[in-house]
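> Kindly return the folded structure for what I paste below:
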Amino acid sequence: MADQQPSGSRDRSHDHPPTNQSSSSAAVATTSEEGAAGGAESASSTISDLIGGEFVFDNMFAVVPLPWCEHLETIATLPSDGLDVSAPCVTCGDSSENWVCLHCYQVHCGRFVKEHMVRHGERTGHCLVLSYADLSVWCYPCDSYVHNETLLPAKRSAHLSKFGCLPGC
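As a prediction, this is how the structure comes out:
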């Protein structure tokens with residue numbers, strides 16, 4: 001998953017911090033086309049509805065992205081040739097868990113590889129990065145996932161590169 005949390009900011013036993021929702025009635029978005037690449041409006045269900053209420057949910061959490069952050073204004077125009085999710089880290093050449101910077105469109109590896117994207121963010125101040133693994137967007141200063149229509153061109157381009165079609169195909 002994501003590598004966008006600054007070192008030492010919280011427990012690293014999970015890929016990302018959970019939100020404060022922690023009950024069987026916590027809403028979970030289910031979508032037909034949206035997913036990580038954006039698209040159609042989503043319908044909501046509860047966790048109990050989705051899995052039939054057979055489990056105890058005392059310690060479950062949902063990650064809910066911010067619908068907006070002030071750093072969305074720093075996103076650069078998508079390159080004319082789009083994104084290539086198979087691009088290796090420009091620093092070490094690894095291709096296993098990469099992210100693309102949405103300011104300069106450099107590709108770097110994630111924190112579970114050699115942390116080159118984290119270092120890029122620290123060095124440049126570039127805030128928003130897109131995961132080539134799950135097409136989520138992380139904002140370093142906000143310490144959160146973000147999903148906003150401003151991100152859809154980059155998410156759609158990555159989806160096209162990864163799956164050979166636009167979302168919903």
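> Using PDB, write out every CA atom in the top helix by length along the chain.
With secondary structure taken from DSSP state H, the chain has its longest helix at helix 152-163. The C-alpha trace of helix 152-163 is given here as PDB (Å, rounded to 0.1, in the frame of the first residue of the first chain):
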ATOM      1  CA  LEU A 152      -9.300  11.900 -12.000                       C
ATOM      2  CA  PRO A 153      -7.100  12.600 -15.100                       C
ATOM      3  CA  ALA A 154      -4.000  11.100 -13.400                       C
ATOM      4  CA  LYS A 155      -6.000   8.200 -11.900                       C
ATOM      5  CA  ARG A 156      -7.700   7.400 -15.300                       C
ATOM      6  CA  SER A 157      -4.300   7.600 -17.100                       C
ATOM      7  CA  ALA A 158      -2.800   5.200 -14.500                       C
ATOM      8  CA  HIS A 159      -5.800   2.900 -14.800                       C
ATOM      9  CA  LEU A 160      -5.500   2.800 -18.600                       C
ATOM     10  CA  SER A 161      -1.800   2.000 -18.300                       C
ATOM     11  CA  LYS A 162      -2.400  -0.700 -15.700                       C
ATOM     12  CA  PHE A 163      -5.500  -2.400 -17.100                       C
END
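> Give the buried residues for stretch 104-124.
The neighbour-count check on stretch 104-124 (16 or more other C-beta atoms under 10 Å) flags 105-111, 113-118, 120-121 as buried. Glycine gets a C-beta too; all of them are placed from N, C-alpha and C.
> ok, so of these, who is nearest P167?
Nearest to P167 among the buried residues of stretch 104-124: Y105, at 20.3 Å, using C-beta to C-beta.
> I figured the closest one hits T77, correct?
No. Taking contacts as C-beta atoms under 8 Å, Y105 lies outside contact range of T77: 9.5 Å.
> ok, C142 - contacts?
Residues near C142 by C-beta atoms under 8 Å, 6 or more residues apart in numbering: 66, 69, 71, 127.
> TSV for these, including distance to L166?
What follows is the contacts of C142, written out as TSV (distance: C-beta to C-beta, whole Å):
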residue	distance to L166
L66	24
C69	25
H71	26
C127	26
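> Who wins on neighbours among those residues?
Greatest neighbour count in the contacts of C142, by other C-beta atoms under 10 Å, goes to C127: 23 neighbours.
> Any figure for the gap between that one and S96?
C127 sits 24 Å away from S96, going by C-beta to C-beta, to the nearest Å.
> Many thanks, have a good one.
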